[in-house]
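> Okay, predicted coordinates and the sequence, questions at the end:
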Amino acid sequence: MRVHIPVQRRWGDQDALGHINNVSMLKLLEEARLRAFWRDGAEDSPVAVFDESSVAQGGSVNTLIARQEIEYLTPAPYGRDPLDVQLWIGRLGGSSAEICYEVMSPAGDEQVVYARASTVVVLVDGATGRPVRLPAEVREAWAPYVEDPIAYRRR
């Protein structure tokens, strides 16, 4: 099962060739990840488990990015309709999770996959910076969204 997050492209995300720049793609992935995993009280996704109370200044838990990888399949053009960023969990570790993404053309009949990506997120103690175990409630919320991780074309 996947979480679908619509992410709007901005005019400034384009490069001189008219497609979404590689740095902008990382920002689009970050936006999708935050919308998927952070509660804001509006339309929370089913995997939204973090909020200001879980990650406070000097607080209990923080999230850090340990690794990111993107495979570009075809240029993503600028357009007014939001991209359909599909997310799932590729692996659940003791204190980390591999978040997988497919950046797709806007939701519709025949979608194009522009890019595949993965991000390893690690939970750490806010005071010490040391990894902490994923809480049981996080594992429970994320379990239905665990699928095979991305198999990149070239390694």
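Sure, I can see it.
> does residue 14 really touch residue 25, like I thought?
No: using C-beta atoms under 8 Å, residue 14 makes no contact with residue 25, being 11.4 Å away. All C-beta atoms are positioned from the backbone trio N, CA, C, and that covers glycine.
> higher neighbour count, these two?
Taking other C-beta atoms under 10 Å, residue 14 and residue 25 do not tie; residue 25 has more neighbours (21 against 16).
> Quick check: phi and psi at the more buried one.
The phi and psi values for residue 25, taken as degrees, to the nearest 10, are phi -60, psi -40.
> separation between it and residue 73?
From residue 25 over to residue 73 the distance is 12 Å, taken as C-beta to C-beta, to the nearest Å.
> Can you pull the residues that touch both of those two?
residue 115 (C-beta atoms under 8 Å, 6 or more residues apart in numbering).
> And the strands in the protein?
Secondary structure of the chain (DSSP state E): strands located at 3-7, 61-72, 83-92, 96-104, 113-125.
> Residue 21: which of the ones you listed is closest?
Nearest to residue 21 among those is strand 61-72 (11.0 Å), distances taken as C-beta to C-beta.
> Name the residues that touch that closest one?
With C-beta under 8 Å, 6+ apart as the criterion, strand 61-72 contacts 22, 25-26, 29, 50, 54-55, 96, 114-126, 129, 132, 150, 152-154.
> Likewise for stretch 118-135?
By C-beta under 8 Å, 6+ apart, stretch 118-135 touches 29, 33, 55-56, 58-69, 90, 92-101, 149-150.
> again, but for stretch 32-48
Here stretch 32-48 has contacts from 3, 5, 7, 49-51, 85, 87, 89, 99, 101, 119, 121, 141-142, 144-145, using C-beta under 8 Å, 6+ apart.
> Residue 88 is in contact with residue 1, isn't it?
Yes: taking contacts as C-beta under 8 Å, residue 88 lies within contact range of residue 1: 7.2 Å.
> Can you flag the buried ones in the contacts of strand 61-72?
25, 29, 50, 54, 96, 114-124, 126, 132, 150 (16 or more other C-beta atoms under 10 Å).
> Output the below-cut-off pLDDT ranges for this protein.
48, 50-59, 155 (pLDDT under 70).
> At the geometric centre of it, which residue do we find?
Nearest to the geometric centre of the chain sits residue 33, at 3.2 Å (C-alpha atoms, centre = their mean).
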